[in-house]
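Peer 1: this one's sequence-less:
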């Protein structure tokens with residue numbers, strides 16, 4: 001059974017914990033819930049929470065409904081007959097917000113208003129919250145959270161999947177992350193303007209660049225005390241050490257614990273056993289994507305469903321970038337046979353047919369295709385389309401970019417970036433010395 005400690009046992013934690021409003025009352029789920037319960041006990045603070053909830057609903061509203069949703073928020077909370085008490089927001093901010101809603105509504109229209117609300121809540125209300133029983137309950141949870149987590153904390157169930165983690169270099173610039181990492185500056189120097197010309201100075205970059213493949217196993221697990229289900233991702237220590245992937249495994253833990261997004265899985269626990277490093281993540285009940293594509297109804301997704309999934313991926317990437325994290329795609333991934341066939345028959349063929357019809361020439365296609373699993377041999381019998389599969393290892397002969405050009409270009413860009421950043425740094429240091437002299 002889950003048992004919270006006595007409040008007196010958390011007195012040391014009360015003095016040592018960092019009193020940061022954003023972390024304690026917004027980013028941490030338990031702290032966010034308890035702070036909202038505290039605000040519900042006070043009429044003026046309850047209105048602030050209701051406004052923030054309304055803005056959150058506005059940000060995920062459909063494009064066609066966003067304008068009406070935004071105007072309703074303004075009328076409800078800032079209208080002449082509004083019964084909700086909110087901190088004083090300058091009239092110029094409200095006018096600009098209303099103007100943007102009428103012209104081109106976007107999800108950031110209420111950004112300034114929410115900033116003012118959070119600034120207000122982080123002042124005297126946050127101080128009162130720290131003296132309330134709700135904060136004491138939060139400290140009890142934090143004390144429990146800091147207790148050691150081991151494999152005995154969970155019940156482990158069947159394997160959900162296996163795979164590889166961290167395969168391949170970036171297909172375009174394998175050294176640019178390393179160059180940016182070597183020349184990156186602190187957040188303070190970035191804000192003050194040093195290295196402002198570098199596009200990497202505002203990102204937390206710590207991604208190893210070696211060609212590494214860390215085999216992993218994902219299994220379902222359940223917390224014994226609460227019964228909640230998670231997905232446990234296990235990385236073998238021997239393979240990590242052999243492949244020198246310690247930094248990559250640590251990076252994944254750091255990134256997952258930093259991200260707070262409804263479109264990215266969250267890290268709930270992390271522990272180690274004798275043989276493995278274990279990351280306990282949000283479990284996704286939807287199942288395997290490949291199963292949905294190939295085994296439920298007709299193969300593939302309809303267009304609207306695919307657009308919806310793509311939009312969710314874009315939202316997740318935006319949240320990663322907001323936390324100063326650069327996402328790098330998997331350059332070793334191949335297209336599937338179904339996707340290639342669909343693109344070939346539904347897009348390439350109609351496009352060529354239209355072109356041939358406009359130019360009044362016979363419709364004939366003779367594509368040269370690599371021999372890979374994603375290029376099915378069944379395409380060879382497609383009517384007026386003759387598909388010729390190239391011999392193995394022929395790509396490097398036909399494509400000059402595979403004959404050392406890409407490697408030379410990468411080396412040139414990496415060296416150029418380093419020289420530019422170092423030159424900028426020396427220039428700034430020289431100006432600083434001149435001003436001090």
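Peer 2: Perfect, thanks for sending it. Please read all numbers here as calculations on a predicted model, not as lab measurements. Numbering: from 1, shown residues only.
Peer 1: now residue 44: how far from residue 133?
Peer 2: When distance is defined by C-beta to C-beta, to the nearest Å, residue 44 is 20 Å away from residue 133. Using the backbone N, CA and C atoms, a C-beta is placed for each residue, glycine as well.
Peer 1: Oh, that last question was meant for residue 419, not what I typed.
Peer 2: From residue 419 to residue 133 the distance is 59 Å (C-beta to C-beta).
Peer 1: same thing with residue 145?
Peer 2: 19 Å.
Peer 1: who touches residue 32 in this structure?
Peer 2: Neighbour list for residue 32: 25, 26 [criterion: C-beta atoms under 8 Å, 6 or more residues apart in numbering].
Peer 1: what secondary structure does it sit in?
Peer 2: Classification of residue 32 using DSSP: H, G, I helix; E, B strand; the rest coil returns helix.
Peer 1: per-residue confidence at it?
Peer 2: If you check residue 32, the pLDDT there is 91.
Peer 1: burial count for residue 138?
Peer 2: Residue 138 has 27 neighbouring residues, counting by other C-beta atoms under 10 Å.
Peer 1: Could you verify my assumption that it touches residue 36?
Peer 2: No. In this structure, residue 138 is not within contact of residue 36 by C-beta atoms under 8 Å, at 11.7 Å.
Peer 1: Mind jotting down where the strands sit in the chain?
Peer 2: 154-165, 214-223, 229-236, 267-272, 276-281, 368-369, 388-389 (DSSP state E).
Peer 1: List the contacts of the fifth one.
Peer 2: Here strand 276-281 makes contact (C-beta under 8 Å, 6+ apart) with 151, 154, 221, 230-237, 240, 249, 252-253, 256, 265-272.
Peer 1: Among those, name the buried ones.
Peer 2: Buried members of the contacts of strand 276-281, counted by 16 or more other C-beta atoms under 10 Å: 154, 221, 230-237, 240, 249, 252, 256, 265, 267-271.
Peer 1: who touches residue 150 in this structure?
Peer 2: The contact partners of residue 150, by C-beta under 8 Å, 6+ apart, come to 271, 273.
Peer 1: Recalculate using a threshold of 7 Å.
Peer 2: Residue 150 sits next to residue 271 when contact means C-beta atoms under 7 Å, 6 or more residues apart in numbering.
Peer 1: And the pLDDT for it?
Peer 2: For residue 150, the predicted pLDDT is 88.
Peer 1: Would you quantify the distance from it to residue 274?
Peer 2: From residue 150 over to residue 274 (counting by C-beta to C-beta), the distance is 11 Å.
Peer 1: Tell me, how many residues neighbour the closest residue to residue 61 other than its chain neighbours?
Peer 2: In space, not counting the residues next to it along the chain, residue 61 is nearest to residue 69; the distance is 4.7 Å by C-beta to C-beta, 6 or more residues apart in numbering. A count of neighbours around residue 69, defined by other C-beta under 10 Å, yields 18.
Peer 1: Hmm, residue 69 is touching residue 58, no?
Peer 2: Yes. Assessed by C-beta atoms under 7 Å, residue 69 is found in contact with residue 58 at 5.0 Å.
Peer 1: quick one: residue 36 and residue 73, what's the gap?
Peer 2: For residue 36 relative to residue 73 (C-beta to C-beta), the value is 19 Å.
Peer 1: Give me the more crowded residue out of those two.
Peer 2: Under the criterion of other C-beta under 10 Å, the comparison of residue 36 against residue 73 puts residue 73 first, with 20 against 17.
Peer 1: In contact with that one, which residues?
Peer 2: By C-beta under 7 Å, 6+ apart, the contact list for residue 73 reads 54, 55, 58.
Peer 1: these two touch, right, residue 139 and residue 13?
Peer 2: Yes. Using C-beta under 7 Å, residue 139 is in contact with residue 13, at 5.3 Å.
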